[in-house]
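[1] this one's structure only:
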């Protein structure tokens, strides 16, 4: 659930900002949606480092790198590390308290993900 929420928050944030890097970074978001089950923790860490070291790092870039770090941690059985990295990813893109619209969208995404999870269990 944590990774799904972080991905959703990153996608919401991406739709609200202007960045020359978004087209380059979008492939990593899409990859997180489709491929993490097929990758090893080492491969996920390599993706995280690849994103981290792209030139002129922006908050969204750092958040996506941390997302991939959290995927690697969860895959490696390090749930605490996965939660920490997911939290750090979302913290990077949290809006200023005056931007209630973006914060409300993040919270709505969390509720939807939680409700889907609850309905499946």
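    Arrived safely. Values in this document were obtained by computation on a predicted structure and should not be read as measured data.

[2] Now name the helix or strand holding residue 111.
    helix 100-120 (DSSP states H and E).

[3] and that helix, how far from the chain's centre?
    15 Å (C-alpha atoms, centre = their mean, to the nearest Å).

[4] Which elements pack onto that helix?
    Counting contacts by 3 or more C-beta pairs under 8 Å, 6 or more residues apart in numbering; DSSP states H and E, helix 100-120 packs against helix 2-16. Backbone N, C-alpha and C define where each C-beta goes, glycine included.

[5] Show me the contact partners of the helix it packs on.
    22, 25-26, 29, 32-33, 36, 60, 63-64, 67, 70-71, 74, 82-83, 86-87, 89-90, 93, 102, 105-106, 109-110, 113 (C-beta atoms under 8 Å, 6 or more residues apart in numbering).

[6] and residue 26, how many neighbours?
    13 (other C-beta atoms under 10 Å).

[7] Next up, the contacts around it.
    Residue 26 neighbours (C-beta under 8 Å, 6+ apart): residue 14.

[8] Specify the local secondary structure of it.
    helix (DSSP: H, G, I helix; E, B strand; the rest coil).

[9] I'd like the distance between residue 46 and residue 79.
    Per C-beta to C-beta, to the nearest Å, residue 46 is found 21 Å from residue 79.
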